[in-house]
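Colleague: Here is a sequence together with a model predicted from it:
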Amino acid sequence: MIGIIKYRAGNLASVSNALERLGAAYFISDDPEELEKADAVIFPGVGHAAAAMDDLRAKDLDVWLKNTSKPVLGICLGMQLLFETSEEGDCKTLGIIPGRLKKFDSSQDKVPHMGWNQFKVVKEHPLIKGIDNKQFLYYVHGYYAPTNDYTLASCSYIEDFSAVVSKENFMGVQFHPEKSGNAGSHILQNFLDLVKEGR
């Protein structure tokens, strides 16, 4: 059973619809005790980092996330909040993955980065098994995580940034797999398989 974290910045409908298409059992909750019953957690997100962190703190979801040993998949802002700090609202985020989120330079190109783009695999991982630089995935973001030791795949827009990251039980994707057609469904299925296999 997959728990989808409910908070002010969660894009819940599209994620739950994607799981339904894959036949995955799920529930939506903002209660840490209830989320503790899940086998794994999806941490979706769209919106402003500082406001999202305020809402997570108000529900004690920040503490629960930092301490859970369950597989966690952060999507878009959910991935970004796994890092330490963000230029967006100059805020502290969850601090699970080292690094600070930066804003794209709007003097170089249009911001936000919006639309279909590819990624380049940096490290093999079960989450991105079967995906390579030929598939296109859907991105919408004005801030980015620089590439680092935990980057599994990088994408290039204005400059290289982390498209997929992983540290221990935490995984994150900058794009929206739930809006990325077959390639996105494949990545979500990889996450479900990884959970089933108990990795």
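Modeller: Perfect, I can see it now. Numbering: from 1, shown residues only.
Colleague: and the gap between the closest residue to P126 other than its chain neighbours and Q80?
Modeller: Take P126 and drop its neighbours on the chain: the residue closest to it by Cβ to Cβ, 6 or more residues apart in numbering is L194, 4.9 Å away. Any C-beta I mention is one placed from the backbone N, CA and C, and that applies to glycine too. Here L194 is placed at a distance of 21 Å from Q80 (Cβ to Cβ, to the nearest Å).
Colleague: Check G47 too.
Modeller: G47 is 11 Å from Q80, by Cβ to Cβ.
Colleague: which one of those two has more residues nearby?
Modeller: More crowded of G47 and Q80, by other Cβ atoms under 10 Å: Q80, with 27 against 16.
Colleague: mind checking pLDDT for the more buried one?
Modeller: What the model reports for Q80 is a pLDDT of 97.
Colleague: And M1, by the same measure?
Modeller: You'll see M1 listed with a pLDDT of 96.
Colleague: got it, and G10?
Modeller: pLDDT recorded at G10 is 67.
Colleague: Any stretches of the chain with poor pLDDT?
Modeller: By pLDDT under 70, the low-scoring segments of the chain are 10, 199.
Colleague: Phi, psi for S162 please.
Modeller: S162 has phi and psi values of phi -80, psi 120 when expressed as degrees, to the nearest 10.
Colleague: shift numbering so it begins at 379
Modeller: Shifting the count to begin at 379 puts that one at S540.
Colleague: shouldn't it be in contact with A523?
Modeller: Yes. Assessed by Cβ atoms under 8 Å, S540 is found in contact with A523 at 4.2 Å.
Colleague: Which stretches in the chain count as helices?
Modeller: 390-399, 410-413, 427-436, 439-445, 455-458, 559-574 (DSSP state H).
Colleague: could I get those as JSON lines with distance to F497?
Modeller: Shown next, in JSON lines, are the helices of the chain (distance: least, Cβ to Cβ, whole Å):
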{"stretch": "helix 390-399", "distance to F497": "19"}
{"stretch": "helix 410-413", "distance to F497": "29"}
{"stretch": "helix 427-436", "distance to F497": "22"}
{"stretch": "helix 439-445", "distance to F497": "25"}
{"stretch": "helix 455-458", "distance to F497": "13"}
{"stretch": "helix 559-574", "distance to F497": "10"}
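Colleague: Can you list the residue ranges for strands in this protein?
Modeller: In the chain, the segments counted as strands under DSSP state E are 380-383, 404-407, 418-421, 450-453, 461-464, 469-470, 475-481, 491-495, 498-499, 515-519, 521-522, 529-535, 537-545, 548-551.
Colleague: For the fifth one, buried residues please.
Modeller: If you call a residue buried by 16 or more other Cβ atoms under 10 Å, then strand 461-464 has these buried ones: 461, 464.
Colleague: name the helices or strands packed onto it?
Modeller: Here strand 461-464 touches strand 469-470, strand 475-481, going by 3 or more Cβ pairs under 8 Å, 6 or more residues apart in numbering; DSSP states H and E.
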